[in-house]
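[1] Any chance you can model this:
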Amino acid sequence: MKNKAALLLLILFFFACKNVPKEDPDTSVTTGPKYETYGYSGFTTEEIYAFHKHIFEGGRWTEWGDKERYYYLNFSEIENHTRILRSDKPKILNEAPRADVKNFITSTALKKGGGLSLNDYVQQVEVNGLIIIHKGKIIFEGYPRMFPTDLHLNLILTQVYVSTSIAILEDRGLIDASKPIDYYFDALKGSGWEGVPVVDILSMSSGIDGGPQLATYEVSFDQIKDLSTATSAIPSGTKFQFTGANAAVLALLVEKMSGLRFDDFLEQEIWRKIGSEYSALLGMNKNGTSASYGTGLSSTLRDLGRFGLVFTPSGRKGPNPLISDAYLSKIRTANENLLMKSRFVDEMKYSSYQWDEVYEDGDFYKGAHGGQGLYISPSRDLVIAYYGTANTDFESNELRIISRQLVKSGLFDLESE
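    Next comes the predicted model:
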């Protein structure tokens with residue numbers, strides 16, 4: 001009897017030990033996601049009905065505030081789109097929250113919310129979600145006005161997926177960005193695009209007049225012909241001049257040189273390869289072409305972060321990184337003509353490969369209407385991604401400024417760790 005009792009105790013001890021989880025020495029033990037939702041509960045039935053009534057009666061989605069936020073989070077109910085399938089093996093993002101980042105005090109010079117901790121600033125009405133990934137781990141994540149699983153419009157953030165597609169084809173020797181765009185499209189000879197190097201289009205310095213050509217492009221079945229009606233406003237490569245036509249013609253170049261529709265290329269060569277956790281949606285024009293220059297992609301915030309991660313050391317480990325050394329070098333190669341003072345921070349910047357601002361230290365940033373943004377610091381192994389909606393006074397969040405303040409705070413200097 002005594003032996004049976006001892007055996008029973010031994011068995012119980014064995015199973016107790018077996019069920020103790022092994023600790024990863026490089027990560028903290030977690031019992032669940034460490035992100036904050038700040039009590040967000042979504043839209044009410046009445047708010048959903050009011051939004052659809054507003055659109056049905058001819059109202060615009062650019063009404064700021066909650067009407068616009070509803071559109072950002074539910075554009076698939078309103079617009080044509082196609083699905084971009086997720087990865088078969090989603091990339092695991094470990095969580096290692098940092099109190100010093102959560103409690104980082106924002107600049108008092110901000111137009112609204114200055115002097116608050118980052119955690120408190122995120123709860124401002126202009127912020128939908130924020131994620132910060134350092135050395136491959138999530139160190140801050142908050143969702144004050146969206147759910148973590150919501151697909152949120154990226155809008156023109158999508159343009160850096162287009163430029164990354166071009167870079168991938170450059171790496172394969174299928175595109176030479178030094179050649180003029182009419183080298184690839186005969187229909188552009190004699191137009192404002194003639195003689196404009198692809199690299200100038202990538203840097204948003206094509207010189208092309210924004211014009212109305214995209215309105216016909218979206219319904220036409222000869223998009224290059226419609227884009228060929230564009231005129232040149234200034235010589236290419238001389239000045240930053242934003243127009244969605246740049247990304248539109250680049251997406252068509254991706255399609256021609258890859259033999260795939262842009263949405264298929266995005267899915268096969270980028271979205272599935274970044275280890276996306278969720279399928280994304282891509283806005284489509286009435287003629288079946290992608291709206292990658294405007295409405296663009298709709299994705300979770302974590303998956304936007306995963307895309308940013310592939311530009312950092314943590315995301316470029318392995319023999320065949322998605323982002324090559326050559327591509328990173330090209331982003332950092334400045335066209336001296338494009339150097340100008342940033343609108344957001346007291347520094348000089350230039351545009352490159354559809355990134356709005358590339359700084360002297362090699363960091364780069366892309367922003368979009370309403371308060372969307374993706375900030376990448378390869379030297380600090382850091383990604384900051386966020387979504388937002390402008391308030392009814394037409395004010396967007398200032399996370400683009402806070403992002404730059406964060407990276408210059410010393411909190412992420414790798415050499416000091």
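[2] quick one: the helices in the stretch 301-417 of the chain?
    For the stretch 301-417 of the chain, applying DSSP state H, counting those that start in this stretch gives helices covering 301-309, 325-331, 399-407.
[3] Give me the distance between G294 and I168.
    22 Å (Cβ to Cβ, to the nearest Å). Every residue, glycine included, has its C-beta placed from N, CA and C.
[4] Helix, strand, or coil at the closest residue to M146 other than its chain neighbours?
    If the residues on either side of it in the chain are set aside, M146 comes closest to N128, at 4.6 Å by Cβ to Cβ, 6 or more residues apart in numbering. When classified by DSSP: H, G, I helix; E, B strand; the rest coil, N128 comes out as strand.
[5] list the contacts for N128?
    Shown in contact with N128 (Cβ atoms under 8 Å, 6 or more residues apart in numbering): 69, 72-73, 143-146, 152, 371, 386-389.
[6] how does it look with 10 Å?
    By Cβ atoms under 10 Å, 6 or more residues apart in numbering, N128 lies in contact with 40, 69, 72-73, 122, 142-146, 150, 152, 301, 370-372, 386-389, 397.
[7] Take the residues you listed and keep only those in strands.
    142, 152, 372, 386-388 (DSSP state E).
[8] Pick the one among those closest to F185.
    Nearest to F185 out of the ones in strands among the contacts of N128 is Q372 (Cβ to Cβ; 30.2 Å).
[9] Could you list the low-pLDDT ranges of the protein?
    Counting by pLDDT under 70, the chain has low-confidence residues at 1-32, 211-212, 415-417.
[10] So which residues of it form strands?
    With DSSP E as the criterion, the chain has strands at 81-84, 127-134, 137-142, 152-153, 280-283, 297-299, 340-341, 348-352, 355-358, 364-368, 372-377, 382-388.
[11] can I get the ones you listed in JSON lines with distance to E95?
    JSON lines is the format used below for the strands of the chain (distance: least, Cβ to Cβ, whole Å):
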{"stretch": "strand 81-84", "distance to E95": "25"}
{"stretch": "strand 127-134", "distance to E95": "10"}
{"stretch": "strand 137-142", "distance to E95": "5"}
{"stretch": "strand 152-153", "distance to E95": "20"}
{"stretch": "strand 280-283", "distance to E95": "22"}
{"stretch": "strand 297-299", "distance to E95": "19"}
{"stretch": "strand 340-341", "distance to E95": "37"}
{"stretch": "strand 348-352", "distance to E95": "32"}
{"stretch": "strand 355-358", "distance to E95": "28"}
{"stretch": "strand 364-368", "distance to E95": "24"}
{"stretch": "strand 372-377", "distance to E95": "20"}
{"stretch": "strand 382-388", "distance to E95": "14"}
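[12] Any idea which of the ones you listed gets closest to Q159?
    strand 364-368 (7.2 Å).
[13] The closest one: partners in the sheet, and parallel or antiparallel?
    Here strand 364-368 is paired, per DSSP bridges, with strand 355-358 (antiparallel), strand 372-377 (antiparallel).
[14] mind checking how far it is from the chain centre?
    Mean-position distance between strand 364-368 and its chain equals 8 Å (Cα atoms, centre = their mean, to the nearest Å).
[15] quick one, it and strand 382-388 angle?
    10 degrees (axes from the mean of the first three to the mean of the last three Cα atoms, to 10 degrees).
[16] got the CA positions of strand 364-368 in CSV?
    Extracted in CSV, the C-alpha atoms of strand 364-368 (Å, rounded to 0.1, in the frame of the first residue of the first chain):
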residue,chain,number,x,y,z
PHE,A,364,12.2,56.7,-43.8
TYR,A,365,8.5,57.4,-43.5
LYS,A,366,5.3,57.2,-45.5
GLY,A,367,2.1,58.9,-44.5
ALA,A,368,-1.5,58.9,-45.8
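[17] So which bits of it are buried?
    Buried residues in strand 364-368, counted by 16 or more other Cβ atoms under 10 Å: 364-368.
[18] same question, stretch 318-328
    Judged by neighbour count (16+ other Cβ under 10 Å), stretch 318-328 contains these buried residues: 321-323, 327-328.
[19] Which two among the residues you listed are spaced furthest apart?
    Greatest spacing in these, by Cβ to Cβ: L322 and L328 (11.3 Å).
[20] Quick check: neighbours shared by these two?
    167, 311, 316.
[21] ok, which pair from the ones in strands among the contacts of N128 is furthest apart?
    G142 and Q372 (15.5 Å).
[22] Between the two, tell me which one has more neighbours.
    Between G142 and Q372, counting by other Cβ atoms under 10 Å, Q372 is the more crowded of the two (30 against 25).
[23] re earlier: could you save the buried residues of strand 364-368 as JSON lines and add columns showing distance to G210?
    Below are the buried residues of strand 364-368 laid out as JSON lines (distance: Cβ to Cβ, whole Å):
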{"residue": "F364", "distance to G210": "23"}
{"residue": "Y365", "distance to G210": "22"}
{"residue": "K366", "distance to G210": "19"}
{"residue": "G367", "distance to G210": "18"}
{"residue": "A368", "distance to G210": "17"}
